[in-house]
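In: Sequence first, predicted model second:
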Amino acid sequence: MGSGMIGNGQSAGRSGSQLWALLWALTMSVASLQAGWAQQPVRAYLMTSTAASPLGPSVELHIINTSDYELRFTGTLYNTQGARLGESGKALSDLPVNAKGRLVLTSSELEERFGVGAWVQPAMLEIMSDIDGAPFVAMVKLRSSPGAAPTNVNCVAEGAVHNIAGMDQPDRTFVRFINTGFDAISDVRGTLRDAGGNIIGLANSALLPSLGPKEHIWVSGQELATRVGGAWQGQASLYLSPHFGLELMNMNLSATGAFDNFSCHEKARDGNRFVSEASYTVTFTARWTSEIHDSVPASSHFTTLVGAATNGRANLWMPGELASAGLENVAELGQTGQFLNEIGEAMSNMTAASPVISGGTGSTGTSVFELNLSRAMPLFTFASMVAPSPDWFVGLSEFPLLDKHGGWVGDTGHMNLAVWDAGTETGNRFSLSGTATNPHQPIRQLTAQIGDADIVNGVVNGKYLATIRFQRNP
């Protein structure tokens, strides 16, 4: 049941160098846990069973241990509705997989190991190793028809896929929408463009009302045409509104019955061949304590940080201007969905890069994330709600990471973040119970007397509630 198919690697005993590598990995694992990091699973997105449809049953899962030490693998299987099949964290083999070796499992072996009957639509398998940070890869080899050659179909894309067959094509397209997260995704929208770059039907069309946690479903090319209200010839590209954890698989079924996965593609970092890029580690630090003012709410926190690199024309939020619907939702409720849609629109207009999302904090604590910039997109905008509050937030608008000489900033140090008033609700206490401001007022730094908190130009009793630091990576 899988254990007899562990490939040839090193011997089962660990050498001295292996033990050192293992000790290092264990040390890093403990350090990661202490830092609050979680191991991310490797996913097999198209696990068919012995009765799977629409794909054939001839599937092999290959898990290749590319590390220098033995690994044990566990898996959690989700059906197309996102419900778990069998036990969570089920061992995928009876023996460890040797360094540089592989574990091969067939559909029938997976059914037996998880103790479940054959599922109908393809399932998603999330795979973990017993050593955090140890490298391994997963392939799904599919033979979609008896005479077809096997191919690896375990490939997904984010944000866009580019081989949607038109009405004149012999191939039929199926796009699989995959929610890899534990939260539901709502209001999935997209824009289809033909080979000339022209919008097909209606831009930003509603494609899916919702996608539950771990849910993954097929949408055919014909269904996409219906939902956008247009048809096309040749191949088209589908651009989606950004959603955290949403992956896409672009499968085409040929006239011979063979499936091909067109989700993999090489992306240029920028169209300008002379562009220099920079990667930053960004640290958001919350410092909202009773040392600043006595009446800190018991539930005080900063909500999810959401933003994007821009070129200065995205206008996601600007001081002195009215808040967008997306910023209003962030500032009043901490909800990011509409703001992400607005970033998606800016991406379509080539004024913003992919969204950046990082977890919020309590009244104290840190949130750390990576930010990639190019000379075409050297500015950074983000927002996070000061909660609870009527419509107050902290953030940056079009903050430049290029200095006056055109060089990348190395380290900004801890920069103070003022509290901003979005101008959409009126209230004089740290509470969600504000009243709508009619008409809305321009965004400004908050100045108010809130209990014992004297807030002047976004500074509370002479102190800032949060800081942010940008450190350029080597």
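Out: Cool, the structure landed.
In: Give the buried residues for the longest strand belonging to the chain.
Out: Criterion DSSP state E: the longest strand present in the chain is strand 199-211. By neighbour count with 16 or more other C-beta atoms under 10 Å, strand 199-211 contains the buried residues 199-201, 204-205, 207-208, 211. Using the backbone N, CA and C atoms, a C-beta is placed for each residue, glycine as well.
In: Stretch 119-128 too?
Out: Under 16+ other C-beta under 10 Å, the buried positions of stretch 119-128 are 119, 121-128.
In: can you list contacts of it?
Out: With contact meaning C-beta atoms under 8 Å, 6 or more residues apart in numbering, stretch 119-128 is reached by 39, 41-49, 51-53, 55, 61, 63, 73-80, 85, 89, 92, 110, 136, 138, 176, 178, 180, 214, 216, 218.
In: Show the buried residues in these.
Out: The buried subset of the contacts of stretch 119-128 - by 16+ other C-beta under 10 Å - is 41-49, 52, 55, 61, 63, 73-80, 85, 92, 110, 136, 138, 176, 178, 180, 214, 216.
In: which stretches of the stretch 151-300 of the chain aren't confidently modelled?
Out: Applying pLDDT under 70 to the stretch 151-300 of the chain flags the ranges 151-153, 254-276.
In: what pairs with Asn65 across the strands?
Out: Beta-bridge pairing for Asn65 (DSSP bridges): Phe136.
In: Pretty sure it sits against Ala138.
Out: No: using C-beta atoms under 8 Å, Asn65 is not in contact with Ala138, being 10.8 Å away.
In: Kindly reformat the buried residues of strand 199-211 as JSON lines containing distance to Ile450.
Out: Shown next, in JSON lines, are the buried residues of strand 199-211 (distance: C-beta to C-beta, whole Å):
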{"residue": "Ile199", "distance to Ile450": "47"}
{"residue": "Ile200", "distance to Ile450": "51"}
{"residue": "Gly201", "distance to Ile450": "49"}
{"residue": "Asn204", "distance to Ile450": "39"}
{"residue": "Ser205", "distance to Ile450": "43"}
{"residue": "Leu207", "distance to Ile450": "43"}
{"residue": "Leu208", "distance to Ile450": "41"}
{"residue": "Leu211", "distance to Ile450": "40"}
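In: closest to Ala448 among those?
Out: Asn204 (37.1 Å; C-beta to C-beta).
In: ok, Asn198 to Gly229 distance?
Out: Distance from Asn198 to Gly229, counting by C-beta to C-beta, to the nearest Å: 14 Å.
In: Same check on Pro378?
Out: Distance from Pro378 to Gly229, by C-beta to C-beta: 38 Å.
In: Tell me the confidence at the closest residue to Thr412 other than its chain neighbours?
Out: Once flanking residues are discounted, Thr412 sits nearest to Phe470: 4.5 Å by C-beta to C-beta, 6 or more residues apart in numbering. On pLDDT, Phe470 comes in at 96.
In: What residues of the helix or strand encompassing Phe470 count as buried?
Out: If you go by DSSP states H and E, Phe470 is part of strand 466-472. Buried positions in strand 466-472, judged by neighbour count with 16+ other C-beta under 10 Å: 466-470, 472.
In: wait, what's in contact with the nearest residue in space to Pro442 that is not next to it in sequence?
Out: Take Pro442 and drop its neighbours on the chain: the residue closest to it by C-beta to C-beta, 6+ apart is Gly320, 5.0 Å away. For Gly320, the contact set (C-beta under 8 Å, 6+ apart) comprises 442-444.
In: Doesn't Gly320 lie inside a helix?
Out: No: counting by DSSP: H, G, I helix; E, B strand; the rest coil, Gly320 is not part of a helix but coil.
In: Please shift the residue numbers so they start at 13 in all later answers.
Out: All set: I'll call the first residue 13, so the last point we hit is now Gly332.
In: Need phi/psi at it.
Out: phi 90, psi -10 (degrees, to the nearest 10).
In: Kindly state the pLDDT recorded for it?
Out: At Gly332, the pLDDT recorded in the model is 96.
In: follow-up on the earlier one: what are the contacting residues of the strand holding Phe482?
Out: 290-300, 314, 383, 392, 396, 406, 408, 413, 420-429.
In: just checking, which of the contacts of stretch 131-140 belong to strands?
Out: Going by DSSP E, the strands hold 54-59, 73, 75, 85-90, 97, 101, 148, 150, 188, 190, 228, 230 from those.
In: you'd agree Gly374 is up against His313?
Out: Yes: Gly374 is in contact with His313 according to C-beta under 8 Å; the separation is 5.0 Å.
In: And those two? Which one has more around it.
Out: Taking other C-beta atoms under 10 Å, Gly374 and His313 do not tie; His313 has more neighbours (19 against 11).
In: so what's that one up against?
Out: 298, 372-375, 399.
In: Quick check: pLDDT value at it.
Out: 95.
In: Check the gap between the closest residue to Val471 other than its chain neighbours and Ser401 for me.
Out: Excluding the flanking residues, the one nearest Val471 by C-beta to C-beta, 6+ apart is Ala430, at 6.3 Å. When distance is defined by C-beta to C-beta, Ala430 is 14 Å away from Ser401.
In: Please say which of the two ends up with more neighbours.
Out: Per other C-beta under 10 Å, whichever of Ala430 and Ser401 has more neighbours is Ser401, with 25 against 19.
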